[in-house]
Every structure is written in C-alpha cells, then in structure tokens.
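J.: task: produce atomic coordinates for the following.
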Amino acid sequence: MNTSPSLFVSVAAAGLAGVAAFLTPNTARADRVVVEESSEDYEARHSLDVAFDGEGAIPLMDRRFQSGNDLTGGGGFKVRVGEQIRFPRLRFTPELGYGYDHLFATDNANNAFAWDMHRLFAGARVGFGRVVVPTFYGHVGYGWRDTRDPSVAQASGVALDVGFALDFHVVPHLGFGAHVEYAAIDAQPYTPQWLALGLHADLAF
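T.: Have a look, this model is predicted:
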C-alpha cells in the first residue's frame with residue numbers, strides 16, 4: 001500500500017502535538033504557592049517566665065552610723081517567676097520574686113558583721129523590641145534586715161525597687177542581659193538603700 005506524503009506529515013504533526021500537550025503541564029505549568037505570613041508580630045502570646053539575677057551591691061546610705069558600723073560593698077541574687085505577655089515589639093511581664101542582698105560591715109573595733117537584706121516582692125517589667133530589648137521594671141513588697149550586730153537591731157518594712165535592664169533575645173525561649181537597680185527597705189533605723197549592678201537570665205516555657 002502506498003502512503004501519500006501528506007498523510008505521513010499529518011500523522012507526524014498530530015503525534016508531536018500530543019507529546020507537546022503531555023509535557024506542557026509538567027514543564028510550563030507554574031505551581032501556585034501560598035505563603036502565609038507569620039502571626040507572631042500581630043498576636044499576643046504568653047508563657048511562664050522563670051528568671052535568676054546575680055548582682056553586686058553598693059550601699060547608698062551613710063556608710064558610718066552611730067553604732068560604728070562601716071558598710072562596704074556586697075552582693076546578692078533574685079529569683080523571679082512571672083507570665084511574659086508578648087505583643088508586637090513589646091514584652092509585658094507581671095512577676096513575683098524573692099531577693100537577697102548582703103553588705104559587709106565592720107565596727108570601731110574592726111569586728112566584722114553582715115547586713116543581710118531579704119525581700120518578697122511583686123511587680124512588672126515592660127520591654128520594647130524583639131532581639132535587643134530595653135526594659136524598665138519596678139517592684140514593691142515586704143523586706144527585713146538581719147545584721148547579727150547587737151548595736152543594729154533586726155527590723156522590717158516596705159521594700160521597693162526600680163531598675164533598668166538591657167535584654168537580648170537571640171535564642172528562642174531564652175533571654176539574658178544586664179541591669180542596674182535602686183533598692184530600699186524601710187527598716188528603721190538605718191534604712192538600707194543600695195545600688196545593684198548585675199547580670200540576669202530568664203527562660204520562657
């Protein structure tokens with residue numbers, strides 16, 4: 001049987017068209033990709049926040065009292081537990097905590113004593129930013145002083161502190177930074193007042 005050239009060309013063209021139609025969806029078709037924007041910047045989130053502060057203490061009251069105590073520097077720590085609430089570029093943390101600070105003292109006979117200050121407090125922290133977070137905070141509560149010095153009796157009263165911290169959040173759920181704080185306990189007489197300088201870290205669950 002003789003096959004005309006025109007029929008051969010028609011069949012070949014139809015075959016090529018079929019192959020092209022088969023390949024076109026896999027090579028030329030653009031997949032539709034939907035990218036959902038993260039809601040982290042727009043939805044408030046909260047988590048349990050546990051923190052620890054370590055600090056040095058510098059007395060701000062008169063260093064020498066009528067009792068003869070000469071106060072020098074010391075140190076202490078704080079443990080804080082709160083609820084961190086995160087908004088876009090804002091962190092708000094109501095919290096409770098315990099603080100302990102120690103000052104060294106000597107009397108006129110060069111006897112060494114220790115001023116131990118304890119605090120139970122409640123307050124809040126407000127930070128601005130996501131990675132580098134300047135933070136302002138304040139607390140109020142109850143505090144007491146124990147000197148183990150017969151010339152300075154134990155006493156207690158209202159405790160308060162205000163401070164500034166610079167926090168860094170470069171790892172998820174972990175923050176760390178440095179702080180400066182003014183603290184006082186209204187324990188009469190010889191009301192303890194001191195400046196705390198230190199480092200801190202917090203873990204969000």
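
J.: show me where the protein has its strands.
T.: 45-59, 70-87, 90-106, 112-128, 132-146, 155-171, 174-185, 193-204 (DSSP state E).

J.: residue 168: how many residues sit nearby?
T.: Using other C-beta atoms under 10 Å, residue 168 has 15 neighbouring residues. To be clear about C-beta, it is placed using only N, CA and C from the backbone, and glycine gets the same treatment.

J.: who touches it in this structure?
T.: Under the criterion of C-beta atoms under 8 Å, 6 or more residues apart in numbering, the contact list for residue 168 reads 131, 132, 133, 175, 176, 177.

J.: low-confidence stretches in the protein?
T.: Applying pLDDT under 70 to the chain picks out residues 1-44, 62-69.

J.: rerun that using 90 as the cut-off
T.: For the chain, the stretches with pLDDT under 90 are 1-45, 61-72, 88, 105-115, 147-154, 172, 188-191.

J.: quick check: beta-bridge partners of residue 71?
T.: When assigned by DSSP bridges, residue 71 has beta-bridge partners residue 105.

J.: oh, I was asking about residue 124
T.: According to DSSP bridges, beta-bridge pairing links residue 124 with residue 94, residue 138.

J.: so who does it touch?
T.: Applying C-beta under 8 Å, 6+ apart, the residues contacting residue 124 are 82, 92, 93, 94, 95, 137, 138.

J.: need the buried ones from the contacts of residue 168 selected in ChimeraX.
T.: This is how ChimeraX selects the buried members of those, with burial counted by 16 or more other C-beta atoms under 10 Å:
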select :133,175,177
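
J.: ok, the contacts of residue 168 vs residue 56, which is closest?
T.: Nearest to residue 56, judged by C-beta to C-beta, of the contacts of residue 168 is residue 177 at 15.6 Å.

J.: alright, calling it a day.
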